[in-house]
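>>> dropping the sequence and predicted coords here.
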Amino acid sequence: MIKVNIPKGQAKERRYIINVLLSEFLGIDYEISESNKSEDITFQLENNKKIIFKDYFFSKLSTKNYSVDLIPQKIEHLESNKYCSIKNIPIVYGKNMIEDDNPNTIICHVDIFSSAFFMLTRWEESVLKNKDIHARVLAKDHLSVKFNFFHRPIVNEYLELLWGLLKAQQINQEKKERDYQLYLTHDVDYPLKWVHLGRSIKTLLADLLKRRDLSLFYKNFKCYLSSKLNVKNDPYNNFKQLIDAANSAGVKSYFFFLNGGQSQYDSRHSMNTSFMKSLYDLIHSNNHYIGIHPSYMTQDNYDLLKKEVVGLKKLTPSFHPFGRQHFLRFKVPTTWQNWHDCQLSWSSTMGFSDRIGFRSGVCYAHSTFNIQTRKMLSVKERPLIAMDVSMGVWQNFNNLDTVLNEYSQLVTTVKKYKGDFVFLWHNSYQDQNVCTDSTAVFKRFLNVSL
């Protein structure tokens, strides 16, 4: 068993990130102690060999708390090294230096634990002020976007370095075995397109007056009449096609349902209609999953979140305690705390709204941490890697091969680390009456993901 010694300052934060990296990710045993002998983290292996991880963050946090001043203004990279094959690893905290002149003690200046803490807790998002119209931190302000490493799961890269250091010091444990897994998810913002008369009229009038597209008006009007004659013709009612595709690929689908909300961004559809009941039965009978898609205003409203969770549980016995926030609206750490308090098991909200990549810098599910209460939470985050909207599938339909290539590169990266590839495809993102091949396009992404 590895003996880990940490400073008493910021011990809760250090214990959290050490637990995530060593126990949850690597699956190795350790015991931890605290002292004031040093500001650094020291590993002592069973053979008495040591690894010292120099601290470049936690000692500063104890006096400044979380602030923009603690976000790095520049990034170094760990160049080629003998401990892992990954080149030019971005260093959030620390220096491009590993001292190993003494074979019994390696001193690592790449502050693996502080850097991973930065990425996984998302404390950066709690101090950044610039927000979009949906109160989301602007992606361009994220450190990973500023320094162009958002396409890399750098926490997984840190993990490879950490394991290489442990092996160099002859650890006598094996790391956890993992397998690549695809999480195929669908946020059901609108189960049907033509369910509300007022919204239907608004859509048709917009075709004429706003878009000035008579052809689109006729297509939508024809689609409206057809859907009213038979709900199977509604362009958003493609659930059977999505389920059939998943069944053929041998993967499970996760359908996250809105169950409330009164904002202009919520659908405000009834969840208790005969159509919805048949939809729940269709998903359940095919052994797929139903989860929650909390409405627009729930990111910092515990009572509203609780109401929606309890309501969906009553509507379908097939409910599972996981899901994703609507519009990816998230407030650090409040939203995680509310999910924890509602006894939800995992969220998959940590993804970019305007690009694909690794917002949390990782492709493994992990425990979350409340930076205000300084406690680890029971709810886990399973980061969202890619979604149809952020790829601009339909805006770039004529360059779909380019989009698929970028997507494929992310899949390859996640497979390399045997991680979880979480993919979001909306049933309502593209009308089938406008693009009759939307299911075929979905299947292309699905096949690349396998």
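Yes, it's here.
>>> outline the domain layout of the protein.
Listed domain ranges for the chain are 2-168, 181-193+235-449 (source: automatic domain parsing).
>>> tell me where the stretch 51-200 of the chain has strands.
76-78, 89-91, 94-99, 105-110, 181-188 (DSSP state E, counting those that start in this stretch).
>>> what do you get for the stretch 251-400 of the chain?
Going by DSSP E, counting those that start in this stretch, the stretch 251-400 of the chain shows strands at 253-257, 289-292, 319-323, 346-347, 366-370, 375-381, 386-387.
>>> rebuild the ones you listed as TSV, extending it with mean pLDDT.
Formatted as TSV, the strands of the stretch 251-400 of the chain follow (pLDDT from 0 to 100):
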stretch	mean pLDDT
strand 253-257	98
strand 289-292	98
strand 319-323	97
strand 346-347	98
strand 366-370	98
strand 375-381	98
strand 386-387	97
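>>> who wins for proximity to residue 49 among those?
With distances scored as C-beta to C-beta, the stretch of these nearest to residue 49 is strand 366-370 (27.9 Å). The C-beta positions use only the backbone N, C-alpha and C, and glycine is treated the same way.
>>> what angle do the closest one and strand 375-381 make?
On the basis of axes from the mean of the first three to the mean of the last three C-alpha atoms, to 10 degrees, strand 366-370 is oriented at 140 degrees to strand 375-381.
>>> ok, residues contacting strand 366-370?
Outside strand 366-370, the residues that touch it by C-beta atoms under 8 Å, 6 or more residues apart in numbering are 13, 16, 19-20, 24-25, 120-121, 333, 336-337, 340, 360, 375-381.
>>> before we move on, what about stretch 137-156?
Contacts to stretch 137-156, defined as C-beta under 8 Å, 6+ apart, come from residues 71-72, 75, 89-90, 92, 115-116, 118-120, 124-125, 128, 130-132, 352-364, 409-410, 413-414, 417, 419.
>>> state the mean pLDDT of it.
The pLDDT scores in stretch 137-156 average 98.
>>> next, the buried residues of it.
137, 139, 142-145, 149-150, 152-156 (16 or more other C-beta atoms under 10 Å).
>>> give me the low-pLDDT residue ranges for the stretch 351-450 of the chain?
Residue ranges of the stretch 351-450 of the chain with pLDDT under 70: 430-437.
>>> before we move on, the earlier item: now mean pLDDT too, for the strands of the stretch 51-200 of the chain, in JSON lines please.
As requested, the strands of the stretch 51-200 of the chain are exported to JSON lines (pLDDT from 0 to 100):
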{"stretch": "strand 76-78", "mean pLDDT": "97"}
{"stretch": "strand 89-91", "mean pLDDT": "98"}
{"stretch": "strand 94-99", "mean pLDDT": "97"}
{"stretch": "strand 105-110", "mean pLDDT": "98"}
{"stretch": "strand 181-188", "mean pLDDT": "98"}
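>>> distance-wise, check residue 220 relative to residue 388.
Using C-beta to C-beta, to the nearest Å, residue 220 is found at 21 Å from residue 388.
>>> now residue 119
Residue 119 sits at a distance of 25 Å from residue 388 (criterion: C-beta to C-beta).
>>> neighbours around residue 273, how many?
14 (other C-beta atoms under 10 Å).
>>> how close does it sit to residue 390?
Counting by C-beta to C-beta, the gap from residue 273 to residue 390 is 31 Å.
>>> next: residue 47.
Separation of residue 47 from residue 390 (C-beta to C-beta): 47 Å.
>>> more neighbours: those two, which one.
Each of residue 47 and residue 390 has its neighbours counted (other C-beta under 10 Å); residue 390 has more, 19 against 11.
>>> most centrally placed residue in the protein?
residue 383 (1.8 Å; C-alpha atoms, centre = their mean).
>>> list the contacts for that one?
Contact analysis of residue 383 by C-beta under 8 Å, 6+ apart lists 348, 350, 351, 358, 359, 360, 362, 363, 365, 420, 422.
>>> for residue 439, same thing?
Counting by C-beta under 8 Å, 6+ apart, residue 439 has contacts 238, 241, 242, 245, 432.
>>> how about a cut-off of 6 Å?
Going by C-beta atoms under 6 Å, 6 or more residues apart in numbering, residue 439 touches residue 241.
>>> give me the element it is part of.
Following DSSP states H and E, one finds residue 439 within helix 438-449.
>>> for that helix, which positions count as buried?
Along helix 438-449, these residues count as buried under the neighbour rule (16+ other C-beta under 10 Å): 438, 439, 441, 442, 443, 444, 445, 446, 449.
>>> make CSV out of those and add distance to residue 210.
Converted to CSV, these look like this (distance: C-beta to C-beta, whole Å):
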residue, distance to residue 210
438, 23
439, 28
441, 26
442, 28
443, 33
444, 32
445, 30
446, 34
449, 36
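>>> all helices of the stretch 201-350 of the chain, in order?
Remark: helices assigned in the stretch 201-350 of the chain by DSSP state H, counting those that start in this stretch are 214-229, 239-249, 274-285, 302-315, 334-341.
>>> next step: the contacts of stretch 137-156 restricted to helices.
The helices, defined by DSSP state H, take in 115, 116, 118, 119, 120, 124, 125, 409, 410, 413, 414 from the contacts of stretch 137-156.
>>> any chance of the residues you listed in CSV with neighbour count as columns?
Formatted as CSV, those follow (neighbours: other C-beta atoms under 10 Å):
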residue, neighbour count
115, 25
116, 27
118, 24
119, 24
120, 24
124, 20
125, 18
409, 12
410, 22
413, 19
414, 24
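>>> between these, which is closest to residue 107?
Here the nearest of the ones in helices among the contacts of stretch 137-156 to residue 107, counting by C-beta to C-beta, is residue 115; it sits at 16.4 Å.
>>> residue 213 versus residue 261, what's the distance?
Distance, residue 261 to residue 213, by C-beta to C-beta: 30 Å.
>>> higher neighbour count, those two?
Neighbour comparison, residue 261 and residue 213: the larger count goes to residue 261, with 19 against 13 (by other C-beta under 10 Å).
>>> how near is the more buried one to residue 406?
Distance, residue 261 to residue 406, by C-beta to C-beta: 32 Å.
>>> then residue 372?
Separation of residue 372 from residue 406 (C-beta to C-beta): 37 Å.
>>> ok so, going back, now the buried residues of stretch 137-156 in CSV, with distance to residue 176?
Shown next, in CSV, are these (distance: C-beta to C-beta, whole Å):
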residue, distance to residue 176
137, 32
139, 32
142, 29
143, 28
144, 26
145, 30
149, 25
150, 26
152, 22
153, 17
154, 20
155, 15
156, 13
